[in-house]
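Pasting a predicted model and its sequence here:
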Amino acid sequence: MRQPGVDLLWNPPGATDLVLLAHGGYERSHKNPHLWRGPILRMWPFAAALRTAIPSAAVGLMRYRYRGWNDVGDPALDLRAVLDELPSLIGRVVLIGHSMGGRTVVRAGDHPRVAGVLGLAPWLPLKDPLVAVRPPVMFAHGNDDTVTSPAETLAYANRLRTAGTPATVILLPGESHSLLHRPTDWNTLVTTFTQQALGEPHPAPWGAGPPGADHPVSCTPL
């Protein structure tokens with residue numbers, strides 16, 4: 001049987017922080033999520049950007065047993081198992097997930113090792129249970145996304161806020177579910193969020209200032 005794990009893409013000596021990237025998938029599938037599928041390759045630019053922005057942190061790609069969520073949330077079960085089994089040297093983990101991976105990092109976001117959760121175009125059905133996600137928490141969606149719902153993402157963020165957990169929602173105009181139309185902006189969002197979560201030096205908070213200043217992007221905080 002396949003086992004969940006982490007493929008380390010960057011592992012500097014003595015790293016105590018890990019940024020863990022969780023890729024997308026399907027509603028149901030027990031097929032092997034082999035390494036060269038599009039949803040996995042989509043995470044590689046983020047890994048490269050993180051390595052440059054935060055060279056002291058390890059960067060890893062989550063390895064699921066299956067491609068699908070499969071009713072029971074197999075990817076979230078896999079992620080929680082990985083978090084439980086990380087070496088003791090790793091004290092903080094920032095979780096970043098796209099699509100199904102966004103649902104995965106939210107579902108495991110209450111794990112004591114988690115130091116922040118970022119969902120990119122996350123799949124957050126209205127029926128999903130509320131998780132006491134460990135802040136900071138941010139969700140980002142393209143306003144042209146027709147695969148996962150920005151409205152459902154905002155609804156989940158509002159549930160978190162009502163429960164006392166601050167949650168930021170960012171809407172990027174002109175972007176779809178693939179995150180391919182504004183790659184520089186997505187990379188900036190990912191690195192800035194992670195820097196803030198880990199207390200690293202970073203530019204002004206995401207969305208602050210005019211385009212071309214601290215962040216070369218226009219976006220709408222919700």
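Alright, I've got the coordinates. Residues are numbered from 1 along each chain as shown.

Strands of this structure, residue ranges please.
Under the criterion DSSP state E, the chain contains strands at 5-10, 17-22, 58-63, 92-98, 114-120, 137-142, 168-172, 220-221.

Let's have those strands in CSV, adding distance to residue 28.
(Each C-beta comes from the backbone N, C-alpha and C, glycine too.) What follows is those, written out as CSV (distance: least, Cβ to Cβ, whole Å):
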stretch, distance to residue 28
strand 5-10, 22
strand 17-22, 18
strand 58-63, 19
strand 92-98, 18
strand 114-120, 21
strand 137-142, 23
strand 168-172, 28
strand 220-221, 33
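
Include mean neighbour count when you put these into JSON lines, please.
Written out in JSON lines, the entries for these read as follows (neighbours: other Cβ atoms under 10 Å):
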{"stretch": "strand 5-10", "mean neighbour count": "17"}
{"stretch": "strand 17-22", "mean neighbour count": "28"}
{"stretch": "strand 58-63", "mean neighbour count": "23"}
{"stretch": "strand 92-98", "mean neighbour count": "27"}
{"stretch": "strand 114-120", "mean neighbour count": "26"}
{"stretch": "strand 137-142", "mean neighbour count": "26"}
{"stretch": "strand 168-172", "mean neighbour count": "21"}
{"stretch": "strand 220-221", "mean neighbour count": "12"}
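
Which one of the ones you listed lies nearest to residue 40?
With respect to residue 40, and counting by Cβ to Cβ, the nearest of the strands of the chain is strand 58-63 at 6.9 Å.

Quick check: mean pLDDT of the closest one?
Along strand 58-63, the predicted confidence averages to a pLDDT of 96.

low-scoring pLDDT stretches of this protein, where are they?
Within the chain, the stretches falling below the threshold (pLDDT under 70) are 1, 35-36, 201-222.

At which residues are the helices of it located?
38-41, 44-53, 74-85, 100-107, 150-162, 183-198 (DSSP state H).

closest one to residue 93 among those?
When those are ranked by distance to residue 93, counting by Cβ to Cβ, first place goes to helix 74-85 at 6.4 Å.

returning to that earlier point: distance to residue 30 and mean neighbour count added to the helices of the chain, as CSV?
Listed next are these as CSV, based on distance: least, Cβ to Cβ, whole Å; neighbours: other Cβ atoms under 10 Å:
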stretch, distance to residue 30, mean neighbour count
helix 38-41, 16, 15
helix 44-53, 25, 18
helix 74-85, 8, 19
helix 100-107, 14, 28
helix 150-162, 25, 17
helix 183-198, 30, 21
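
Take these and lay them out in JSON lines including distance to residue 3.
Compiled in JSON lines, these are given as follows (distance: least, Cβ to Cβ, whole Å):
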{"stretch": "helix 38-41", "distance to residue 3": "17"}
{"stretch": "helix 44-53", "distance to residue 3": "22"}
{"stretch": "helix 74-85", "distance to residue 3": "9"}
{"stretch": "helix 100-107", "distance to residue 3": "16"}
{"stretch": "helix 150-162", "distance to residue 3": "30"}
{"stretch": "helix 183-198", "distance to residue 3": "27"}
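
closest one to residue 21 among the ones you listed?
Using Cβ to Cβ as the measure, helix 44-53 is the one of these that comes nearest residue 21, at 5.9 Å.
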